[in-house]
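Peer 1: Fold the following for me, if possible:
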Amino acid sequence: QVQLVESGGGFVHSGGSLRLSCAASGSHFNINSMHWYRQAPGLQRELVASITSRDTTYHADSVKGRFTISRDNAKNTVYLQMNSLKPEDTAVYYCNAQYYMDGQPWAELGSWGRGTQVTVTS
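Peer 2: Alright, predicted model coming up:
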């Protein structure tokens, strides 16, 4: 089982920046892809950005040009640089990893972090 711990959330004024981090820990695992989701009160969880093991990235239209996902494979860590933040970016941000255990590449597993709160004030 892979454990994910997010950090970097907080309060920021509109137009400000934050950098989220998500570190994966455990033993004998290989990460395929990592993702950032967010969930605002009363709304469904939505995908914000993704990055594969080959550094192919995806960013939702709502954050394209403002947010950037990146990863450090040596540290099993994914980052989300968030610039030009808007009040509508306020949400709990969750990290997700899709991975497999050593010797079992056909059996992809998923793990979630507990989330980190991002609040953007106008």
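Peer 1: Spit out the contact partners of the closest residue to Gly15 other than its chain neighbours.
Peer 2: Nearest non-adjacent residue to Gly15, counting by Cβ to Cβ, 6 or more residues apart in numbering: Ser84, 6.1 Å away. Bear in mind the C-beta positions are built from the backbone N, C-alpha and C, glycine included. For Ser84, the contact set (Cβ atoms under 8 Å, 6 or more residues apart in numbering) comprises Gly15, Ser17, Arg66.
Peer 1: Look at the first one and give its secondary structure.
Peer 2: When states are read from DSSP: H, G, I helix; E, B strand; the rest coil, the local structure at Gly15 comes out as coil.
Peer 1: Hmm, Met82 and it touching each other?
Peer 2: No. Assessed by Cβ atoms under 8 Å, Gly15 is found out of contact with Met82, at 11.3 Å.
Peer 1: quick one: which of those two has more around it?
Peer 2: Between Gly15 and Met82, counted using other Cβ atoms under 10 Å, Met82 has the larger neighbour count: 26 against 11.
Peer 1: export the host helix or strand of Tyr94 as CSV, just CAs?
Peer 2: Assessed by DSSP states H and E, Tyr94 sits inside strand 91-101. Output of strand 91-101 as CSV, limited to C-alpha atoms (Å, rounded to 0.1, in the frame of the first residue of the first chain):
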residue,chain,number,x,y,z
ALA,A,91,-11.3,23.7,-2.6
VAL,A,92,-9.7,20.7,-0.8
TYR,A,93,-7.0,19.4,-3.1
TYR,A,94,-6.4,15.7,-3.2
CYS,A,95,-3.4,13.8,-4.5
ASN,A,96,-4.0,10.4,-6.2
ALA,A,97,-1.4,7.9,-7.4
GLN,A,98,-1.9,4.9,-9.7
TYR,A,99,0.8,2.4,-9.1
TYR,A,100,1.7,-1.3,-9.1
MET,A,101,3.7,-3.5,-6.8
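Peer 1: which strands and helices sit next to that strand?
Peer 2: On a contact count with 3 or more Cβ pairs under 8 Å, 6 or more residues apart in numbering; DSSP states H and E, strand 91-101 meets strand 3-7, strand 18-25, strand 29-39, strand 77-82, strand 109-112, strand 116-121.
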